[in-house]
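# for reference, the sequence and a predicted model appear below.
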Amino acid sequence: MYILAIDTATNSGGVALARNREVIGLVLLKKPLRYSDCLIPMIDFLLRQHELQLSEMGCLAVASGPGSFTGLRIGLAAAKALGQALEIPALGVSTLDALAFGCRHWERPVAVMLDARRQQVYAAAYRCSTSDLECIVAPRVSRPEGFLQALPAGQWLFVGDGARLYRGAVESTVPAGRVLECDNRLLDALCALAFRDYGRGLARPVAHLAANYVRPPDVDASRKLG
């Protein structure tokens, strides 16, 4: 089975092509402001390089957030447009889950911190195995110190641009922790989680895809205030 994966939620996004568990093609674009212009050409390039048609995809996988509000909408809209006519099922995968699962081979619990601006982070904490992950601190948006203080004691591995941005807070609050020097790249893990969830029968028609903002979009908040 082929899986086409899309990440426009982070600043290290792009598209990936997997055959079952194996990622066989990957196109990265670390220019979020160009996602809307480049996403479809990247997908077309990836499929042509492997001499495949979109109709041959068994599933579409999309990073569903949290992340950039605009980026999330771009990825979800593209998946819905591509999958609707051909009735390709889809899976929305949490960006936090995918970043944690990318560290599944480390023998440490994983704390994910994504920069949410406003001196806040999108964050969650996990225990990972080679085939699954368990969320032990639920996804939230908060100041870094608040999330760090909510972590159980342990030798945590911190990943994501929020962990690097607030390294000082991490090191002072969790002295036994380690900040991993990496970007927000998650496409490999996105494919792996999608393959797992497809096998569990969780794929649905693309109309069911929805963004997981964690923090409400600014436009919604302003409307409520009005």
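Noted; the coordinates are in hand.
# so what's the gap between stretch 114-128 and the chain middle?
12 Å (CA atoms, centre = their mean, to the nearest Å).
# and the residue most central in space within the chain, how far is that from residue 212?
By CA atoms, centre = their mean, the mean C-alpha position of the chain lies nearest to residue 95, the distance being 2.2 Å. According to CB to CB, to the nearest Å, residue 95 stands 8 Å off from residue 212. Yep, even glycine has a C-beta here, placed from its N, CA and C like the rest.
# give the residues shared as contacts by these two.
64-66 (CB atoms under 8 Å, 6 or more residues apart in numbering).
# who wins for most neighbours among those residues?
residue 65 (28 neighbours; other CB atoms under 10 Å).
# from residue 192, how far off is that residue?
Residue 65 is 18 Å from residue 192, by CB to CB.
# equivalent analysis for residue 67, please.
Taking CB to CB, one finds residue 67 at 19 Å from residue 192.
# out of those two, which sits in the more crowded spot?
residue 67 (30 against 24).
# report the secondary structure state of that one.
coil (DSSP: H, G, I helix; E, B strand; the rest coil).
# that one contacts residue 112, correct?
No: using CB atoms under 8 Å, residue 67 makes no contact with residue 112, being 11.7 Å away.
# give the intersection of the neighbour lists for those two.
With CB under 8 Å, 6+ apart, residue 67 and residue 112 have common neighbours residue 122.
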